[in-house]
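S.K.: pasting the structure only:
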């Protein structure tokens, strides 16, 4: 099971693990039961990690798919994070020994309304202030399908946003660090140079 695997990973030198649960905004989702179940899965995983000496990175992701506006994304993100931290408390998780990897609060990718980085920062920071305990040492945002530029601009706006932010705010991007590199490389022999050059940009 997971406990045995975590124990082995710890012996092999691993210091942390990550578990991702996703929720999608639609007319009837995420459901109450869906949010509760995802939160409990993340809490059980975090408990097993901590029992075996690993730092759990908790990743509840509200997907950017859809045409929902920024305010709907903020409301759902707040609900999801509230359930997550209730479940973590119920499972006696040592919050100081965890990291949160959430989505930034952004509108759906098909939303026709355009929002400024400052509006996205305000929605994101407000959602975090309302739900994430100060005991959590760090929040490392996922890029969530944003472009490299958007993910960078939004993270900067979040860090610049005034107000109480008791956690270290950073990034744990995948696509937003690799997309242009992979495009330049294109998987072709002899294209490693352009890919490496793009990585340095």
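M.R.: Structure received. Keep in mind that what you see is a predicted model, and the values were worked out from it rather than measured.
S.K.: centroid residue for the protein?
M.R.: For the chain, residue 102 is the residue whose C-alpha lies nearest the centre (Cα atoms, centre = their mean; 2.3 Å).
S.K.: quick one: that residue and residue 76 touch, right?
M.R.: No: counting by Cβ atoms under 8 Å, residue 102 stays clear of residue 76, with 11.7 Å between them. From N, CA and C alone the C-beta is placed, and that goes for glycine too.
S.K.: common neighbours of these two, please.
M.R.: The contact sets of residue 102 and residue 76 overlap at residue 62 (Cβ atoms under 8 Å, 6 or more residues apart in numbering).
S.K.: so what's the residue nearest to the centre of the chain up against?
M.R.: Contact analysis of residue 102 by Cβ under 8 Å, 6+ apart lists 59, 60, 61, 62, 77, 81, 128, 139, 141, 142.
S.K.: filter those residues down to the buried ones.
M.R.: Buried members of those, scored by 16 or more other Cβ atoms under 10 Å, are 59, 60, 61, 62, 77, 81, 128, 139, 141, 142.
S.K.: about what we covered before: tell me how far the residue nearest to the centre of the chain lies from residue 151.
M.R.: Distance, residue 102 to residue 151, using Cβ to Cβ, to the nearest Å: 13 Å.
S.K.: overlap of the contact sets of those two?
M.R.: In contact with both residue 102 and residue 151: residue 141, using Cβ under 8 Å, 6+ apart.
S.K.: what is the least confident helix or strand in this structure?
M.R.: Across the helices and strands of the chain, mean confidence by mean pLDDT, DSSP states H and E is lowest for helix 175-185: a mean of 68.
S.K.: quick check: what element follows that one along the chain?
M.R.: Scanning forward in sequence from helix 175-185 by DSSP states H and E, the next helix or strand is helix 192-200.
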